[in-house]
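> The sequence and its predicted three-dimensional model are supplied below.
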Amino acid sequence: MSFLPHTLLATHAAAALVALGILASPAEAANEAMRVYMDQARVLKLDRAVSKVIVGNAEVADATVADARTIVLTGKSFGTTNLVILDAAGNALVDKRVIVSVDEGDTVRVYRQTQRTVLSCAPICEAHEGSKAAAAP
């Protein structure tokens, strides 16, 4: 019976870490979104061979099969979509939400009343295409 307090302590400690956001619960880890920056690529290495790659909205992201176990995910425009990767048996290797956003480094936001413009400043400031949008309230 001496192990019970240690087990309870470990359980409570893990729950506290989940509550603080330091440790993700298994359900949260499975639902975690993949992030990719617009006009940049992210390499996904898989443990099994890929048979099919499905992107929910091809205008937001693109996926290319580099080899049987490597996928290259590229952000095309701002937004959210999903990525499903299947093996030869039709089992889902990956089923994730994909968020495409701008790389916040070297950016400046200019607000004029309800209009917002995002500028990339590396080294010269240029407006992002389609960056003029109504500011969030």
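Noted; the coordinates are in hand.

> hey, where'd the strands end up in the protein?
Applying DSSP state E to the chain gives strands spanning 34-37, 41-45, 52-55, 61-67, 70-75, 79-86, 92-101, 107-112, 115-121, 125-127, 133-134.

> got the angle for the fifth one vs strand 79-86?
Strand 70-75 runs at 170 degrees relative to strand 79-86, counting by axes from the mean of the first three to the mean of the last three C-alpha atoms, to 10 degrees.

> Point out where this structure drops to low pLDDT.
Applying pLDDT under 70 to the chain picks out residues 1-31, 128-137.

> still on that earlier bit, would you convert the strands of the chain into TSV that also reports mean neighbour count?
No exception for glycine: its C-beta is placed from N, CA and C like everyone else's. Output for those, formatted as TSV (neighbours: other C-beta atoms under 10 Å):
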stretch	mean neighbour count
strand 34-37	16
strand 41-45	13
strand 52-55	16
strand 61-67	15
strand 70-75	18
strand 79-86	18
strand 92-101	17
strand 107-112	11
strand 115-121	15
strand 125-127	12
strand 133-134	10
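
> Having no further points to raise, I will conclude here.
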